[in-house]
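Student: Need the 3D shape of this:
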Amino acid sequence: MTTYTLQKPYTPALITAAATMFLAILTRPVEGSLLLPALVAMIAPNLRLRSWKPETYRALAVVGGLFVAGVVVTLLVNWGRYGSPLQSGYTQVSWGTPIWVGLPGVLVSPARGILWQFPLIVLAPLGLSTVWRSEHRLLAIVITGLTAALLLNTALWVPWWGAQSWGSRLFVPALPMVAVAAAIGTLSLGPGLRKWLPAALVLGGIAWALPGTVTNLLGGYASRYDGSTQSFALSGYPPVGAWRFVHHLGSQNPTDANGLDIAWIRLAQTTHNISIGVPIVLLALACFLALRSIRLERALVARSHVQPSARPEPT
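Tutor: Here you go, the predicted model:
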């Protein structure tokens, strides 16, 4: 999706972007609304109204219309569910957390730090600087602005830690953009760093995510680290703290929260362990596909280094 296609009204790119914003508002009103200024900047990067073409106004009308529609539908849903358009179900709506508490908490606290949740984020500034130096400078500005807005929204929110959850869940909508910037940053690394740094950062992210994948959040971790002070505890780092609440591998009953929280293992008792074969087969298939992709990539790299044979000179 390019800036040019967004500047044309009724193109698939513009309709898709505007519809995505509409659905985002219905899902997360605050975060979804942040897409409006981003799309406006992409459609009309020149703030001088005299330079706008009629198609610019039509494109803005499409985006503005779906934005208003998203807000109206949200207010109607609130009215139907809670009796007031302005009541969203939250008992307290406030961005009153001191920045010196929320920002370090969101970035580096053991339980909620984005740096541990998605270590590749350290390569995002490098990727954004690369995009800035290209012809897509406006895209770098939009990604940086949206990421910064979501970061501040998370850091200043009263329960900045996201209550009973893994990591910094309120920043999750920004991760796709950050991942794109990090991927570009990976390509911008020198040959030496590129051999080991991205892989090390990925492994760090996997180590963080593994407990959240296989342990039950409600087994004790959620309540133990539900708070600002608790999020800064070193034991809140999931690879350290989450395993403490796993007392056995399988589930002793349907409501057991202290075993491994994998559906096939939870069903093992009722299926006489037959269900355990499903993740084993899936894991074997994943390993096979991973090896195939690695071999194909190596073959492509080797082929790209082979110089084409010189054509014989015509006699």
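Student: residue boundaries of the helices in the stretch 1-150 of the chain?
Tutor: For the stretch 1-150 of the chain, the helices defined by DSSP state H, counting those that start in this stretch occupy 3-6, 12-27, 29-33, 35-43, 54-82, 99-108, 114-117, 124-132, 137-156.
Student: can I get these in JSON lines with mean pLDDT and distance to residue 219?
Tutor: Just so you know, the C-beta spots here come from the backbone N, C-alpha and C atoms, and that holds for glycine as well. As requested, the helices of the stretch 1-150 of the chain are arranged in JSON lines below (pLDDT from 0 to 100; distance: least, C-beta to C-beta, whole Å):
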{"stretch": "helix 3-6", "mean pLDDT": "54", "distance to residue 219": "46"}
{"stretch": "helix 12-27", "mean pLDDT": "91", "distance to residue 219": "28"}
{"stretch": "helix 29-33", "mean pLDDT": "90", "distance to residue 219": "29"}
{"stretch": "helix 35-43", "mean pLDDT": "88", "distance to residue 219": "36"}
{"stretch": "helix 54-82", "mean pLDDT": "92", "distance to residue 219": "31"}
{"stretch": "helix 99-108", "mean pLDDT": "95", "distance to residue 219": "23"}
{"stretch": "helix 114-117", "mean pLDDT": "95", "distance to residue 219": "20"}
{"stretch": "helix 124-132", "mean pLDDT": "94", "distance to residue 219": "33"}
{"stretch": "helix 137-156", "mean pLDDT": "92", "distance to residue 219": "25"}
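Student: Could I get these in JSON lines, plus columns for distance to residue 216?
Tutor: As requested, the helices of the stretch 1-150 of the chain are exported to JSON lines (distance: least, C-beta to C-beta, whole Å):
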{"stretch": "helix 3-6", "distance to residue 216": "43"}
{"stretch": "helix 12-27", "distance to residue 216": "25"}
{"stretch": "helix 29-33", "distance to residue 216": "27"}
{"stretch": "helix 35-43", "distance to residue 216": "34"}
{"stretch": "helix 54-82", "distance to residue 216": "29"}
{"stretch": "helix 99-108", "distance to residue 216": "24"}
{"stretch": "helix 114-117", "distance to residue 216": "19"}
{"stretch": "helix 124-132", "distance to residue 216": "32"}
{"stretch": "helix 137-156", "distance to residue 216": "25"}
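Student: And the helices in the stretch 201-315 of the chain, which stretches?
Tutor: With DSSP H, counting those that start in this stretch as the criterion, the stretch 201-315 of the chain has helices at 221-224, 228-231, 238-241, 263-266, 268-271, 277-305.
Student: what's the closest of those helices to residue 156?
Tutor: Proximity of the helices of the stretch 201-315 of the chain to residue 156 was assessed by C-beta to C-beta; the nearest stretch is helix 228-231, lying at 12.6 Å.
Student: Throw the helices of the stretch 1-150 of the chain into JSON lines and include mean neighbour count, thanks.
Tutor: As requested, these are arranged in JSON lines below (neighbours: other C-beta atoms under 10 Å):
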{"stretch": "helix 3-6", "mean neighbour count": "16"}
{"stretch": "helix 12-27", "mean neighbour count": "17"}
{"stretch": "helix 29-33", "mean neighbour count": "18"}
{"stretch": "helix 35-43", "mean neighbour count": "20"}
{"stretch": "helix 54-82", "mean neighbour count": "15"}
{"stretch": "helix 99-108", "mean neighbour count": "17"}
{"stretch": "helix 114-117", "mean neighbour count": "20"}
{"stretch": "helix 124-132", "mean neighbour count": "18"}
{"stretch": "helix 137-156", "mean neighbour count": "18"}
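Student: Residue 121 is nearest to which of the helices of the stretch 201-315 of the chain?
Tutor: The closest of those to residue 121 is helix 238-241. By C-beta to C-beta, the value is 16.8 Å.
Student: still on that earlier bit, among the helices of the stretch 201-315 of the chain, which is nearest residue 56?
Tutor: Of all the helices of the stretch 201-315 of the chain, it is helix 277-305 that lies closest to residue 56, at 42.1 Å by C-beta to C-beta.
Student: Quick one: list the elements packing against that closest one.
Tutor: Applying 3 or more C-beta pairs under 8 Å, 6 or more residues apart in numbering; DSSP states H and E, one finds that helix 277-305 makes contact with helix 263-266.
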